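> The following block contains a protein sequence and its predicted model.
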Amino acid sequence: MIPKDSKIYQTLEELVLSSSVLVISGLPGVGKSLYVNQALVIAKKKYKATSVIQWDVARKAFETDELSQLFPMGDGVVHNGVKLSAGLWLINVVSDWIKNHNPESDFLLIEAPLVGHRFIELMQIQKDDDIESFMASDSMKVVVPIPSIEVRIKIEADRKAQVEEEASSWMGAKPSVMLLIWKELCELANDLGKDINVDSQPPYDPKIYEFVFQRVLKNRHFIPLFINEIYELTIRDENELHDTDSLVASPETAKSIALKIVSQFLDLNQIDTVVEHWYKT
């Protein structure tokens, strides 16, 4: 997918070889799924026994007709209860993997957006000291692709060409959502000490992007991946980038976890409060 003589390819190859768990994180539309797919190809070539978890695939297990009675969808927006449920499932799976994996051959690859409480649990300090020690070590690396301004302009243009705002089958963020989340990130940056004008749509700035994620990932081995290369890819259906055999919860497990989340909150509005403070790791 990415030319082997590219610095990006070489960096991904090095990260696959030096990590037990590789988390690819970041904003919508920065190429997370592309880099997950490339890392998966590299891992297979290196004969690593690889498991994959992708947010946009894994969360679907919690968006069934039955569970929608607990966490109803609205205008295509992921319910906050789904976010907490998927996050709890993820931590259980990752904890079991860490306890049972073979450090010589096993490899876990995770796509975790983090923003808006999408798998942010990975960045929170764990109660189990052994699990936290592993997650805080360089055995688990968190890579955040950070496009240059020129690359970001290209990404936004391509996304507009690929998907209409009314589309219902596209798994990733629509163009308007990309802009909305960027504005929200700038508002968060202001809370952390920046002074960005957010009265209108603020322009993309890779320095602001790195600033925010560096603070969110303060408990983890954070690696910014600066992207200044453009690859000519034809993706007619984004499902192609999610065809990785991503792990998902069984219906029974999904229901059990969803009910556990509900039982933790006397008032479901408290779920919204937790999600709103996703960046407090």
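Yep, it's here. Numbering: from 1, shown residues only.
> where are the low-confidence patches of the stretch 151-281 of the chain?
For the stretch 151-281 of the chain, residues meeting the criterion pLDDT under 70 lie at 159-174, 232-243.
> Quick one: the strands in it, in order.
Counting by DSSP state E, counting those that start in this stretch, residue ranges of the strands within the stretch 151-281 of the chain are 221-227.
> quick one, helices of it?
Assigned by DSSP state H, counting those that start in this stretch, the stretch 151-281 of the chain shows helices spanning 175-191, 206-216, 251-263, 269-276.
> What are the buried residues along the first one?
Residues of helix 175-191 classed as buried under the neighbour-count rule (16 or more other CB atoms under 10 Å) are 175, 177-179, 181-182, 185-186, 188-189. Every residue, glycine included, has its C-beta placed from N, CA and C.
> for the shortest one, same thing?
Of the residues in helix 269-276, 271, 274-275 count as buried by neighbour count, 16+ other CB under 10 Å.
> now do the third one
For helix 251-263, the neighbour count (16+ other CB under 10 Å) marks 254-255, 257-258, 261-262 as buried.
> Redo the buried residues of helix 269-276 as a markdown table? Include distance to R152.
Shown next, in a markdown table, are the buried residues of helix 269-276 (distance: CB to CB, whole Å):
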| residue | distance to R152 |
| --- | --- |
| I271 | 32 |
| V274 | 30 |
| V275 | 26 |
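> Out of the residues you listed, the closest to H117 would be?
Out of the buried residues of helix 269-276, the one with the shortest distance to H117 is V275. That distance is 4.2 Å, counting by CB to CB.
> contacting residues around that closest one?
The neighbourhood of V275, defined by CB atoms under 8 Å, 6 or more residues apart in numbering, consists of 80, 83-84, 116-117.
> The same query, at a cut-off of 7 Å, please.
Taking CB atoms under 7 Å, 6 or more residues apart in numbering as the definition of contact, the neighbours of V275 are 80, 83, 116-117.
> Over to E66?
So, once contact is read as CB under 7 Å, 6+ apart, E66 ends up touching K255.
> separation between it and V82?
In this structure, E66 lies at 13 Å from V82, with CB to CB, to the nearest Å as the measure.
> Please apply the same query to V275.
For V275, the distance to V82 (CB to CB) stands at 10 Å.
> Which one of the contacts of V275 sits in the busiest neighbourhood?
Scoring the contacts of V275 on neighbours with other CB atoms under 10 Å, the highest-scoring entry is K83 at 25 neighbours.
> In terms of helices and strands, where is that one?
Using DSSP states H and E, K83 maps to helix 80-100.
> Check the gap between the closest residue to P103 other than its chain neighbours and L40 for me.
In this structure, P103 finds its nearest non-sequential neighbour in S20, 5.9 Å apart by CB to CB, 6 or more residues apart in numbering. For S20, the distance to L40 (CB to CB) stands at 15 Å.
> same question, V77
Distance from V77 to L40, counting by CB to CB: 29 Å.
> repeat for H101
In this view, H101 and L40 are 17 Å apart by CB to CB.
> Who has more neighbours out of V77 and L40?
With neighbours defined as other CB under 10 Å, V77 and L40 compare such that L40 has more, 20 against 10.
> surely that one meets D245?
No: using CB atoms under 7 Å, L40 is not in contact with D245, being 9.3 Å away.
> residues shared between the contacts of these two?
V52.
> helix/strand/coil for the closest residue to M178 other than its chain neighbours?
Leaving aside its sequence neighbours, M178 sits nearest to G29 (CB to CB, 6+ apart; 4.7 Å). Classification of G29 into helix, strand or coil gives coil, according to DSSP: H, G, I helix; E, B strand; the rest coil.
> So what's the residue count around G29?
Around G29 sit 21 other residues, with neighbours defined as other CB under 10 Å.
> Now do the phi/psi pair for it.
Torsion angles at G29 (phi, psi; degrees, to the nearest 10) stand at phi 80, psi 20.
> Tell me the pLDDT of it.
pLDDT, the model's per-residue confidence, is 78 for G29.
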